[in-house]
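K.L.:
generate a structure from the sequence data that follows.
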Amino acid sequence: MGPHRLLYQALCKAGDKLVYPILPAFAKPAWNHAAGPKTVFFWAPTIKWALVGAGLADLARPADKLSVYQNSALFATGAIWTRYCLVITPVNYYLSSVNFFVMCTGLAQLCRIAHYRYQNPDWETKEIMETH
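P.N.:
Numbers count the residues shown, from 1 in each chain. Got it, this is the predicted structure:
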């Protein structure tokens, strides 16, 4: 058994002794849930919220500086994984929600890009002039 596994088990035991007793009754089932905070099914989506944060931060960037490919990938993967999270066992609503918001941020940025390109029909020549 590797040291990372021992550390993980020690942290879970400490959480069971320190956190579980002070949880309100409605939160106790979530603590031991198959997609609860003692599993990757909880921590992976928690970290994935950084993608949503980055997408929201991109709202401050000019639309002509946004990547169609990047935002298409965010939109598509968000849509695919939102659906997948609802058909796997255990159903993971937390992961589904973060993927839904990844999809929404990708779609919002794609709409901004489309609006910019519609309003600026000469966007391609501007882009070429800026790169040379």
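
K.L.:
tell me where the protein has helices.
P.N.:
Counting by DSSP state H, the segments of the chain that form helices are 3-18, 28-31, 40-57, 68-85, 93-119, 123-131.

K.L.:
is residue 37 in contact with residue 31, as I believe?
P.N.:
Yes. Counting by CB atoms under 8 Å, residue 37 touches residue 31, with 6.7 Å between them. Bear in mind the C-beta positions are built from the backbone N, C-alpha and C, glycine included.

K.L.:
so where's this structure uncertain?
P.N.:
Scanning the chain with the threshold set as pLDDT under 70 gives 127-132.

K.L.:
residue contacts, residue 104?
P.N.:
Shown in contact with residue 104 (CB atoms under 8 Å, 6 or more residues apart in numbering): residue 78.

K.L.:
residue 52 too?
P.N.:
Residue 52 sits next to 98, 101-102, 105 when contact means CB under 8 Å, 6+ apart.

K.L.:
run a quick neighbour tally on residue 102.
P.N.:
Burial of residue 102 is recorded as 26 neighbouring residues (other CB atoms under 10 Å).

K.L.:
sorry, back to before: what touches both of residue 37 and residue 31?
P.N.:
The contact sets of residue 37 and residue 31 overlap at residue 15 (CB under 8 Å, 6+ apart).

K.L.:
neighbours of residue 7, just the number please.
P.N.:
Counted with other CB under 10 Å, the neighbours of residue 7 add up to 10.

K.L.:
okay, it and residue 15: tell me how far apart.
P.N.:
For residue 7, the distance to residue 15 equals 13 Å [CB to CB, to the nearest Å].

K.L.:
what number of residues lie near the closest residue to residue 63 other than its chain neighbours?
P.N.:
The shortest distance from residue 63 to any non-neighbouring residue, by CB to CB, 6 or more residues apart in numbering, is to residue 116 (3.6 Å). Using other CB under 10 Å, residue 116 has 15 neighbouring residues.
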